[in-house]
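**Q** Need the 3D shape of this:
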Amino acid sequence: MAAADIPIFSMLRDRMRWHQDRQKLLAENVANAETPGYRARDLRSPSFDELVQGNAGSGIGTLRTNERHITGSVQGGSRFQVRRDTGVVTTPDGNRVNLEDEMLKVAQNQMDYQAVTGLYQRSLGLIRTALGKR
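**A** Down below sits the predicted model:
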């Protein structure tokens with residue numbers, strides 16, 4: 001079994017992809033802070049139910065082992081759901097980007113990404129130790 005097939009690694013990779021995609025959106029928000037009519041966007045964090053049903057990222061899908069079992073439904077669309085109009089205050093030109101809030105989100109996103117990558121590295125280290133490769 002390859003390390004890529006272990007469920008915890010696929011979930012951590014999906015979470016890292018989510019943080020990368022969120023960072024791109026937050027950077028767009030900061031870059032368009034002076035653009036008239038621009039509305040801030042953010043990614044909605046996948047819920048546990050979506051992960052179990054396989055609707056967020058690769059997720060955890062259901063396996064049908066018997067023809068009498070009920071099949072799970074997986075919805076199509078983008079990998080992660082984008083929330084629009086996250087800004088609360090609107091400037092006279094219609095812009096809804098608050099730089100302070102966006103920078104706080106960027107910092108929090110960076111810390112969360114570092115935590116996920118740390119978990120990924122530690123998990124790989126545990127597997128290497130178990131295999132005697134350390």
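**Q** And the helices in this structure, which stretches?
**A** 7-31, 48-53, 99-131 (DSSP state H).
**Q** any idea which of those helices is most buried?
**A** Highest mean neighbour count among the helices of the chain (mean count of other Cβ atoms under 10 Å): helix 7-31, with a mean of 17. (Glycine included, C-beta is placed from N, CA and C.)
**Q** Contact partners for L25?
**A** By Cβ atoms under 8 Å, 6 or more residues apart in numbering, the contact list for L25 reads R41, D42, L43, V82.
**Q** Determine the number of other residues adjacent to the first one.
**A** The number of residues packed near R41 is 19, by other Cβ atoms under 10 Å.
**Q** Tell me what it is bridged to.
**A** R84 (DSSP bridges).
**Q** pretty sure it contacts N32?
**A** No: applying Cβ atoms under 8 Å as the test, R41 and N32 come out as separate, 9.7 Å apart.
**Q** coming back round to it: what is the nearest of the contacts of L25 to H19?
**A** Nearest to H19 out of the contacts of L25 is L43 (Cβ to Cβ; 8.9 Å).
**Q** That closest one is in contact with V82, isn't it?
**A** Yes: the pair L43 / V82 is scored as a contact, 6.1 Å apart, by Cβ under 8 Å.
**Q** These two - which one has more neighbours?
**A** Using other Cβ under 10 Å as the criterion, L43 and V82 rank with L43 on top: 21 against 13.
**Q** Against M103, how distant is that one?
**A** Look at L43 and M103: by Cβ to Cβ, to the nearest Å, they are 17 Å apart.
**Q** Fine, thanks again, bye for now.
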